[in-house]
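*Asks:* Model the following, please.
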Amino acid sequence: AKKGKTLEFRSFEIPPDRKDSIVLASGGVNPGLAESVADSLGIELANVELKRHANDELYVRYEESVRGKDVVIIQSHSSYGEYRIEEAVNEHLFLVNAAADSSAKSVTAIAPYLAHSRGDRKSKGREIVPAPLVVRSFENAGADTMMSIDVHSPQTTEHFRRGPYDHLTAQPELRAAVREYLGEAAADSVVVAPDAGSVKNNNRHAEELSKSTEADINVIFMGKERARDDSTVLKRDKVIHGVEGKICLTFDDMIDGGGTMISAAETLKNSGAREVYVAATHPIFSGNATEKLQDSVIDRVFVTDTLPVDEAKKTMDSRLEVVRVGPLIGRAIYENMTGGSISKLFDDQNAI
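*Replies:* Take a look at the predicted model:
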């Protein structure tokens with residue numbers, strides 16, 4: 001494939017007369033993303049004290065006044081470094097509540113990746129449905145608005161009733177990154193949906209790639225099967241027609257253990273695919289996922305920085321392409337704070 005141009009970094013700078021009324025704060029899980037958001041808005045991150053007591057309990061405090069201001073708090077809900085997922089969520093809740101109790105004019109909680117977003121329904125008796133509980137916790141903590149990117153089950157956002165829940169999508173950014181990387185070779189690609197749940201999303205990508213390449217980009221469906229341990233797998237000896245000599249592209253909302261992506265890539269390569277590229281918004285990378293992806297037949301993996309990716313980048317190096325979503329979040333904040341519209345940021349939303 002021919003590598004294309006680097007994507008343009010877009011800035012949506014807050015007007016000078018509004019900068020002093022906005023406080024942008026970050027939790028401790030993914031401060032690099034928050035810095036990227038601040039850069040896109042032309043403002044500085046607020047000074048926030050984040051520490052642990054001797055018994056490991058979390059402590060947060062704003063080191064500047066937030067009274068009468070619009071406070072925006074960004075925190076990725078992820079296990080990273082000394083943080084476990086629940087600690088990341090709790091720290092986010094503490095920052096929200098500290099702002100609300102300090103007479104902030106408004107409080108916006110931004111969870112680029114929302115914890116427990118896959119737990120949106122009950123499949124067995126006596127089990128918890130965690131996604132609505134997490135969302136309502138932010139409402140109870142004092143958040144007036146919430147914002148996330150590519151929530152696994154979009155209906156989860158409906159449980160936040162105190163104000164709007166802006167559900168952004170990074171799928172166009174991922175598509176643009178893949179398109180730019182492939183250059184003219186993108187016209188010789190097919191889009192592959194590895195399971196039924198991803199068909200609609202990948203159909204949208206095929207439509208948009210067809211427009212940008214002026215080629216007829218087809219969608220091919222690969223069916224997963226249920227294994228004895230209740231996981232889903234793809235038969236590696238299955239022959240997928242229509243991929244011989246083609247560049248295969250797959251888009252999804254997350255990569256967790258990587259097993260489905262890897263088995264799909266092996267099946268496609270065994271069916272004659274020339275190259276296989278995978279793109280997903282959230283790089284969860286559980287367990288040894290990065291090592292498995294590095295050793296797989298996948299030619300390149302595209303993810304965003306909704307979750308920390310420094311360690312993954314060390315393992316996968318050039319095989320991992322990271323697409324920044326700071327400008328996407330920054331634009332959403334800019335439109336909210338200046339009375340604009342963010343409907344364009346939802347363009348691909350129904351595809352997830």
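
*Asks:* Where do the strands of the stretch 101-250 of the chain begin and end?
*Replies:* Along the stretch 101-250 of the chain, the stretches classed as strands by DSSP state E, counting those that start in this stretch are 106-111, 145-149, 165-168, 189-193, 219-221, 225-226, 232-233, 247-255.

*Asks:* export those to TSV and tack on distance to Asn336, mean neighbour count and mean pLDDT?
*Replies:* Just so you know, the C-beta spots here come from the backbone N, C-alpha and C atoms, and that holds for glycine as well. Shown next, in TSV, are those (distance: least, Cβ to Cβ, whole Å; neighbours: other Cβ atoms under 10 Å; pLDDT from 0 to 100):
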stretch	distance to Asn336	mean neighbour count	mean pLDDT
strand 106-111	7	26	98
strand 145-149	7	24	97
strand 165-168	7	22	96
strand 189-193	33	25	96
strand 219-221	34	18	94
strand 225-226	43	10	53
strand 232-233	38	14	51
strand 247-255	23	24	97
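
*Asks:* So Ala98 sits against Tyr62, correct?
*Replies:* Yes: using Cβ atoms under 8 Å, Ala98 is in contact with Tyr62, at 6.2 Å.

*Asks:* Mutual contacts of those two, please.
*Replies:* When contacts are counted by Cβ atoms under 8 Å, 6 or more residues apart in numbering, Ala98 and Tyr62 have no shared neighbour.

*Asks:* For the protein, spot the helix or strand the model is least confident about on average.
*Replies:* Lowest by mean pLDDT, DSSP states H and E among the helices and strands of the chain is strand 232-233, with a mean of 51.

*Asks:* Any idea how many residues pack against the closest residue in space to Met254 that isn't next to it in sequence?
*Replies:* Distance criterion Cβ to Cβ, 6 or more residues apart in numbering; nearest residue to Met254, sequence neighbours excluded, is His282 at 4.0 Å. Close neighbours of His282, defined as other Cβ atoms under 10 Å, add up to 26.

*Asks:* Using TSV, lay out the strands of the stretch 101-250 of the chain together with distance to Ile342.
*Replies:* Converted to TSV, these look like this (distance: least, Cβ to Cβ, whole Å):
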stretch	distance to Ile342
strand 106-111	12
strand 145-149	9
strand 165-168	6
strand 189-193	27
strand 219-221	28
strand 225-226	39
strand 232-233	34
strand 247-255	19
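
*Asks:* Against which helices or strands is the helix or strand harbouring Leu50 packed?
*Replies:* Per DSSP states H and E, Leu50 falls inside strand 48-52. In terms of contacts (3 or more Cβ pairs under 8 Å, 6 or more residues apart in numbering; DSSP states H and E), strand 48-52 is packed against strand 58-62.

*Asks:* For the closest residue to Met222 other than its chain neighbours, give its distance to Ser117.
*Replies:* Using Cβ to Cβ, 6+ apart and skipping the chain neighbours, the partner closest in space to Met222 is Pro194 (4.9 Å). Separation of Pro194 from Ser117 (Cβ to Cβ, to the nearest Å) stands at 19 Å.

*Asks:* got it, and Thr250?
*Replies:* 20 Å.

*Asks:* Please apply the same query to Asp195.
*Replies:* The spacing between Asp195 and Ser117, counted by Cβ to Cβ, is 17 Å.

*Asks:* Those two: which has the busier surroundings?
*Replies:* The neighbour comparison of Asp195 against Ser117 (other Cβ under 10 Å) goes to Ser117, with 24 against 16.
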